[in-house]
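S.K.: got a structure for you, letters missing:
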């Protein structure tokens, strides 16, 4: 009964080679988020969509882009991965943005950059 | 800048021990406090969402309290079991419609 699915679970890419991570949800939630978590750090919000409205966090590098073609799917594109982009990437959904709205997470994709 | 701090960073307890850990957040800007449990190789799972000062929530052997005036929340686990081993994340928001700010988490290891 997976509700938020992330593929792949592990991704290895080469320095500078574009990579796309995917997320899908069966909850029909309005909001989808992408977080980056580096080792021993707090999950850091990169951006979120409220329906089709895209909201980028101020400190998210331009190297990171996102697409949400429909309610169910959301993609994270890293145009030119650097060694510092190796991290766990978490996708989450919620009915409303932040506040007291519970977020539902996928299991994450661990990205390794060689 | 909203800063959410969690302590301790990690702890190890024996099966049957009760334990607790702390999440602190700026009390001047508070709307809601979330607790999540993240087991290895699984998805973070929501435990509690709390908004009111003095609120206390319980789910089985796990409970949480909230003090918005002093800016902290405690998570308690009574009679820890090996299956409680996980990273416990807290996150705070400053108003409706704003993103959550997460702490680094407390990693609990329970040995039998």
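M.R.: Here it is on my side, so go on. Here the structure is a predicted model, which means the values were calculated and not measured.
S.K.: going forward, measure contacts and count neighbours with C-alpha atoms only.
M.R.: OK.
S.K.: the one helix or strand residue B:73 maps to: what's the following helix or strand?
M.R.: Using DSSP states H and E, residue B:73 falls within strand B:72-77. Sequence order places strand B:86-93 as the next helix or strand after strand B:72-77, per DSSP H and E.
S.K.: if we can go back for a sec, the strand holding residue B:73 versus strand B:86-93: what angle between them?
M.R.: When axes from the mean of the first three to the mean of the last three Cα atoms, to 10 degrees is applied, the directions of strand B:72-77 and strand B:86-93 differ by 150 degrees.
S.K.: report all helices and strands that strand B:72-77 contacts.
M.R.: strand B:19-24, strand B:62-67 (3 or more Cα pairs under 8 Å, 6 or more residues apart in numbering or on different chains; DSSP states H and E).
S.K.: to chain A, which of those strands lies closest?
M.R.: With Cα to the nearest Cα as the criterion, chain A lies closest to strand B:19-24 of the helices and strands packed on strand B:72-77, at 12.7 Å.
S.K.: if I pick residue B:22, what's in contact with it?
M.R.: B:6, B:7, B:8, B:72, B:73, B:74, B:75 (Cα atoms under 8 Å, 6 or more residues apart in numbering or on different chains).
S.K.: swap in 7 Å and give it another go.
M.R.: B:6, B:7, B:72, B:73, B:74, B:75 (Cα atoms under 7 Å, 6 or more residues apart in numbering or on different chains).
S.K.: go on, residue A:40?
M.R.: Taking Cα under 7 Å, 6+ apart as the test, what residue A:40 contacts is residue B:104.
S.K.: so residue B:76 sits right up against residue B:19, yeah?
M.R.: Yes: contact criterion Cα atoms under 7 Å: residue B:76 and residue B:19 qualify, at 5.8 Å.
S.K.: what's the burial count for residue 88?
M.R.: Unless you meant another one, I'm taking chain A. 21 (other Cα atoms under 10 Å in any protein chain shown).
S.K.: wait, chain B was what I had in mind.
M.R.: Counted with other Cα under 10 Å, residues neighbouring residue B:88 total 27.
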